[in-house]
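Peer 1: got a predicted model here, sequence first, then my questions.
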Amino acid sequence: MPARSARSKSNGQTAHTAAAIPPPEGPQQRATEQTREESPRMSHPHRQVNYGRADTEFTRLPDGTILMRSPEPLDAYPDKLTERLLHWARVAPERIFMAQRAGDGSWRRLSYADLLRNVRAVGQALLDRGLSADRPVAILSDNDLEHVQLALAAQYVGVPSAAISPAYALVSTDHAKLRHVLGLLKPGLVFAADGTRYAAAIAAAVPADVEVVVTANPPDGRMTTTFETLLATAVTDAVERAHAAVTPDTVAKFLFTSGSTGMPKGVINTQRMLCSNQQMIAQSLPVFAEEPPVFIDWLPWNHTFGGNHNIGITLYNGGSLYIDDGKPVPALIERTVRNLREVAPTVYFNVPKGFEMLVPYLRDDRALRETFFSRLKMIFFSGAALPQHVWTAMEDLAVETIGMRIPIISGLGATETAPFALCANWPVDRSGIIGLPVPGLDLKLVPNGQKLEVRVRGPNITPGYWRMPEISAKAFDEDGYYKMGDAARFIDTDKPEKGLMFDGRISEDFKLTSGTWVSVGPLRGRFIAHFAPFVRDVIIAGHDRDTLAGIVIVDLDNCRALCPDLPADAGLAQIAHDPRVRHRFAELLGSFAQQATGSSSRIERILLLDEPPSLDVGEVTDKGSINQRAVLDHRAALVADLYAAQPSPRVITAKVSIAHVA
């Protein structure tokens, strides 16, 4: 791992104002480099935001490998993230660290002073139980104040914790992934906020000799401890001794991969990873340090985006995070809207579906728009490409409300990178731009077929997977770079400082029988954009075939709008087989095929999935991403139908006239 830099960094950042690459020691001030469609909103400036330097050192090796890194060194960072808790509890003790809705609708607020006091008490309770990396804390339930206090208490005294996807306990019917995860961890304590809600999972996967802690509703037939009991623990000097013993190499937590390539793997997250990554964020996006940030956020803490990136930014910069009890699903989106009416974020994080569902509410509610955009400096998305119609809508709404656009940015990261690795820290105009390596990170682009494979090295990179030495060894190359499995390409091959674009996952690509490579990631992106807003995802088939075909996962709500006379509770099967839905997909498939430039981009047949992908067989991960290979393997009959000489009526063919599709 590269050594930490002790270099002092000036806070003199300036807002985005110019289009040229800055001089070597200056801050980055460049405008969007891409050509955008003519639109009235384009005459409106972006809200001024302080960005870090965006530049790169570039070396091309004789074998075609490309090395890139920021010319800006990484500044000093703490040995442990809880040093920032001590700082803010001293500097701003009454400031809200986190808040959560209570049962009566009011906000339960946790100040920095309260957080430190409770962390010490719970930390003592964990020490009393002899917990360690070999007997860590496992957290089964969703984001809440007890969850964050338990996780930070564990970090404070050097005990790792692991937030485990609630889907493994509540959605899965066989609890196989939960048993797998707990089998790797061998926890000494398991926490679930609501014991009754998690009773079946606890009975199925938590050994009888493991202590179970609940906030409320102890499950029947199981001895449990209440979280209040942990809070009531008398603190001794052992807590501060344990805190002093925490080093940069101490394991802070385990985060489990989403299982998109098999059973979940426990990614080791050290204090060095968490702290260096927060300093990388601070130098790339100084906006977070300008004033204490305010977030309203639902993103789950068992994933690195919510659990590392967003909580980390809050704690590192003395911010306030309001837990959003909503989600981007029809039954819960109005909770998000309610919260956004009360809390004006300074930066807003979400996944593309979240922004898409928010747009109609912003469009129809002037007061909501005015609150939402009032002090919003940046929109940050992750997890998938943001559809262009959603991007345009968010910019239009901002211009209408405050007379300027809000910068929309993203980057590239992974659970193994803590997660911040590459960032486009300048306003961009479309999804897919992942920017440049952040300070302190080395990027290697390795030729792999027709693509450049992304590999990274730095203090924010995991040392490996917990209790999986062989898999850990395979994850790194001979120079110690972590192999992300992603591909990237240059926006402008002659000007690498303009940044990189995402170019799909290496493992998803395949060849047709003609020998033509199919780049699945970009093709999926074009398909989803063309079929927007009616598609959530598409699985591309065609390996060792002559032509391409697709299994489409429809967007239920937007497809329902094509057949408004159906009952409100009409399910996926009814909507996927409705003639009007099929008619619209046939139209779009025909126009998509007409735009194709060859066999590697022409999808000739599709069918609409009429039952949701399964979590238990690995078709979908806990965060909703699709495992292409698992779907193709488990839906072999559908693939056979797509390629049959006489396919069933459910197959939509681009060559068939629209009149015959219904």
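Peer 2: All right, it came through fine.

Peer 1: which residues sit against the lengthiest strand in the chain?
Peer 2: In the chain, assigned by DSSP state E, the strand with the most residues is strand 482-490. With Cβ atoms under 8 Å, 6 or more residues apart in numbering as the test, strand 482-490 has contacts from 412, 414, 416-417, 421, 434, 445, 448, 451-457, 461-462, 475-477, 496, 498-507, 521. The C-beta positions use only the backbone N, C-alpha and C, and glycine is treated the same way.

Peer 1: again, but for stretch 558-566
Peer 2: Against stretch 558-566 from outside (Cβ under 8 Å, 6+ apart): 533-534, 570, 574-576, 578, 580-581, 584.

Peer 1: buried residues of it, list them for me.
Peer 2: 559-560, 562 (16 or more other Cβ atoms under 10 Å).

Peer 1: what comes into contact with stretch 88-106?
Peer 2: When contacts are defined by Cβ under 8 Å, 6+ apart, stretch 88-106 is touched by residues 107-116, 144-145, 148, 292, 314-315, 318, 320-323, 325, 339.

Peer 1: do a quick rundown of the strands in the stretch 351-500 of the chain.
Peer 2: 378-381, 408-409, 411-413, 420-423, 433-437, 442-448, 451-457, 482-490, 500-505 (DSSP state E, counting those that start in this stretch).

Peer 1: you'd agree Leu285 is up against Gly52?
Peer 2: Yes. Assessed by Cβ atoms under 8 Å, Leu285 is found in contact with Gly52 at 6.3 Å.

Peer 1: what's the overlap in contacts for those two?
Peer 2: Asn425.

Peer 1: helices or strands up against the helix or strand that contains Leu340?
Peer 2: Using DSSP states H and E, Leu340 sits in helix 333-342. Other elements packing on helix 333-342 under the criterion 3 or more Cβ pairs under 8 Å, 6 or more residues apart in numbering; DSSP states H and E are strand 294-297, helix 352-364, helix 366-373.

Peer 1: where in the stretch 151-300 of the chain is pLDDT low?
Peer 2: Residues of the stretch 151-300 of the chain meeting the criterion pLDDT under 70: 259-262.

Peer 1: what segments of it are strands?
Peer 2: Assigned by DSSP E, counting those that start in this stretch, the stretch 151-300 of the chain shows strands spanning 161-163, 189-194, 211-216, 224-226, 251-256, 266-270, 294-297.

Peer 1: which one of those strands lies closest to Val137?
Peer 2: strand 161-163 (4.0 Å; Cβ to Cβ).

Peer 1: deepest in the core, which of the helices and strands packed on helix 333-342 is it.
Peer 2: strand 294-297 (a mean of 22; mean count of other Cβ atoms under 10 Å).

Peer 1: just the CA trace of that strand, in CSV.
Peer 2: Listed next in CSV are the C-alpha coordinates belonging to strand 294-297 (Å, rounded to 0.1, in the frame of the first residue of the first chain):
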residue,chain,number,x,y,z
VAL,A,294,-27.0,17.8,5.3
PHE,A,295,-28.3,14.5,3.8
ILE,A,296,-31.6,12.8,3.6
ASP,A,297,-30.8,9.3,2.6
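
Peer 1: tell me the domain boundaries of this structure?
Peer 2: 30-80+270-506, 110-246, 509-661 (automatic domain parsing).
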